[in-house]
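Engineer: predicted model follows, preceded by the sequence.
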Amino acid sequence: MEKHRVLIVDDEADFRNLLVEALDGMGYIVEGADSAESAVELVKEQHYAILFTDLNMPGGLSGLELLKEIQTIDPRTFCILMTGYATTESAILALKRGAYDFIQKPFKLAELEASLIRALGHYRSLRENEAYQSRLEEMVMERTQEILGLKEDIEKLFDGFVQASVLAIEARDPSTSGHSSRVAELTVGLAEAVNRTPNGPYGPLQFTDQQIKEIRYASLLHDFGKVGVREQVLVKARKLQPERLERILQRLYQRDMEIALAAMERAWDEGQRPAKGQFWALVDERRRESRRLIDLIARCNEPQVLPLEVVEAMDDLEALEFTHWEGRREHILEGDDIAALKIAKGSLSESERDEVNSHVTHTYRFLSQIPWTGSLAGLPEIAYAHHERLNGKGYPRGLKADQIPPQSKLMAVADVYDALVAADRPYKVAVTVPRSLEILEGEVRSGLLDPEALRIFVDAKIYELTIPRFRS
């Protein structure tokens, strides 16, 4: 068992030395001091578990005054007063002021030791409790650090999951590489600008740090549902898929061969002897005619608004026929081919457009499967509404202005802007920043985009956040 130091303070040398020798003989580590002042100096140098002091010490500090000093210097020291019968009331007062115990003079050594044993027992209990509390605090601190570390690891894990999800999206549609990250940067920048806007419709709105994080994640994942859209539709740059166009061109070539061969057969039937190379001359003549049809198909196949003369010329395409290998006559361009080439704008048919638009619903269903914490609980809904429009003409639910979350209204501006200025879309050329902002203003006038969101977007020059990456 650990031995604790004991200090005897008394101005009577014989009495003090007697106590020191007696306690030393009992196995205690004990020292003596002839005055309160000496005791103070000793306590300053090292810790004493128990201090016995005479209550009355003439010519200097009294026992009560020493008690006060000790409580200031080392409050862990237990002070026991030694007093005569005449000063019992003072001893009781000392107890009230923090002394642990008092014993009356004259006393027997057994009484002194009994008081010492009680004091040391209490002292050890307090020290053990302090050690326990200290260890408990250390354990709490260690556990807190573990939890904080775990929280940080979870956040890193989730960030990695989000980035992996973005890569999965872009792997399906390389033409939109970087779109999700740019939309996230633009939307977060716009949300932070809203926080700096004290007036207007968004004046009372203040996004917290957690809400900003929610906006960032929702923006990064807003197009994740594209993984549920067929790749040939998702990356469709022309109205006809390449294999369908190749089939049409092959049929045109077969038609040219058939017409040339029919001309040769008529010549033979009429008794004519075809000149050398006449067949291929006939084929070349047919190819010149077919080139006009191929050029027409190529013009119709572009994802642009069809000129009227092109629409009218398409009647020539519908009548084209060739001989199937089974011998029956069939149209070179099938009904689906004609319908695709007649798409008035863009490269997608109505059903394909619906399939692409369904990515929003796929996104919502995917995000809804994740048990978001309370601060991120609105994330699926924010992503779900980014294609909704104020006048109810958006998709997939046709929400009106007051039904659309403000975060989604901000994301809509960022999403449309990025789609306009992007130079990597196969179905369109990049639009300049000034022209893009003009188009956004037109969307506002049409009741599609939120006017206050666009005003802040322009005034705060949020659109400049991603310009360096477009230029590079």
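Structural biologist: Happy to help now that I have it.
Engineer: neighbours of the residue lying closest to I70 once chain neighbours are set aside, how many?
Structural biologist: Among residues not flanking I70 along the chain, T77 sits closest, at 5.4 Å (CB to CB, 6 or more residues apart in numbering). Every residue, glycine included, has its C-beta placed from N, CA and C. Neighbours of T77 under the rule other CB atoms under 10 Å: 19.
Engineer: test my guess that T77 contacts L42.
Structural biologist: No. Using CB atoms under 8 Å, T77 is not in contact with L42; the gap is 10.8 Å.
Engineer: what's around N17, how many residues?
Structural biologist: Residues near N17, counting by other CB under 10 Å: 14.
Engineer: tell me which element the nearest residue in space to it that is not next to it in sequence falls in.
Structural biologist: Here the nearest residue to N17 in space, its sequence neighbours aside, is G32; by CB to CB, 6+ apart that works out to 6.6 Å. For G32, the host element (DSSP states H and E) is strand 29-33.
Engineer: where exactly do the helices run in the stretch 51-200 of the chain?
Structural biologist: 63-73, 88-96, 109-172, 179-195 (DSSP state H, counting those that start in this stretch).
Engineer: does anything pack onto the second one? Which helices or strands?
Structural biologist: By that I understand helix 88-96. Where contact means 3 or more CB pairs under 8 Å, 6 or more residues apart in numbering; DSSP states H and E, helix 88-96 is packed against helix 63-73, strand 78-83, strand 101-104.
Engineer: okay, now the sheet partners of the shortest one, with direction.
Structural biologist: The partner list of strand 101-104 in its sheet, established with DSSP bridges, is strand 78-83 (parallel).
Engineer: tilt between the partner strand and helix 63-73?
Structural biologist: Orientation check (axes from the mean of the first three to the mean of the last three CA atoms, to 10 degrees): strand 78-83 against helix 63-73 gives 170 degrees.
Engineer: poorly predicted segments of the stretch 351-472 of the chain, please.
Structural biologist: 423-429, 468-472 (pLDDT under 70).
Engineer: lowest mean pLDDT among the helices and strands of this protein, which one is it?
Structural biologist: helix 467-471 (a mean of 57; mean pLDDT, DSSP states H and E).
Engineer: re the thing from before, least confident of the helices of the stretch 51-200 of the chain, on average?
Structural biologist: With a mean of 72, helix 88-96 has the lowest mean pLDDT of these.
Engineer: now do stretch 94-111: distance to the chain's middle.
Structural biologist: 66 Å (CA atoms, centre = their mean, to the nearest Å).
Engineer: touching it from outside, list them.
Structural biologist: The contact list for stretch 94-111 (CB atoms under 8 Å, 6 or more residues apart in numbering) reads 22, 55, 63-64, 67-68, 71, 78-85, 88, 91-92, 112, 115, 118-119, 122.
Engineer: in that stretch, what counts as buried?
Structural biologist: A94, A99, Y100, D101, F102, I103 (16 or more other CB atoms under 10 Å).
Engineer: check these and tell me the two furthest apart.
Structural biologist: Maximum pairwise distance in these, criterion CB to CB, is 12.0 Å, between A94 and I103.
Engineer: thought K400 was touching N391?
Structural biologist: Yes. Taking contacts as CB under 8 Å, K400 lies within contact range of N391: 7.4 Å.
Engineer: just to be sure, L449 is in a helix?
Structural biologist: No. Using DSSP: H, G, I helix; E, B strand; the rest coil, the assignment for L449 is coil, not a helix.
Engineer: got the domain ranges for the protein?
Structural biologist: Split into domains by automatic domain parsing, the chain comes to 5-129, 173-230+355-471, 237-347.
Engineer: fine by me, we can end here.
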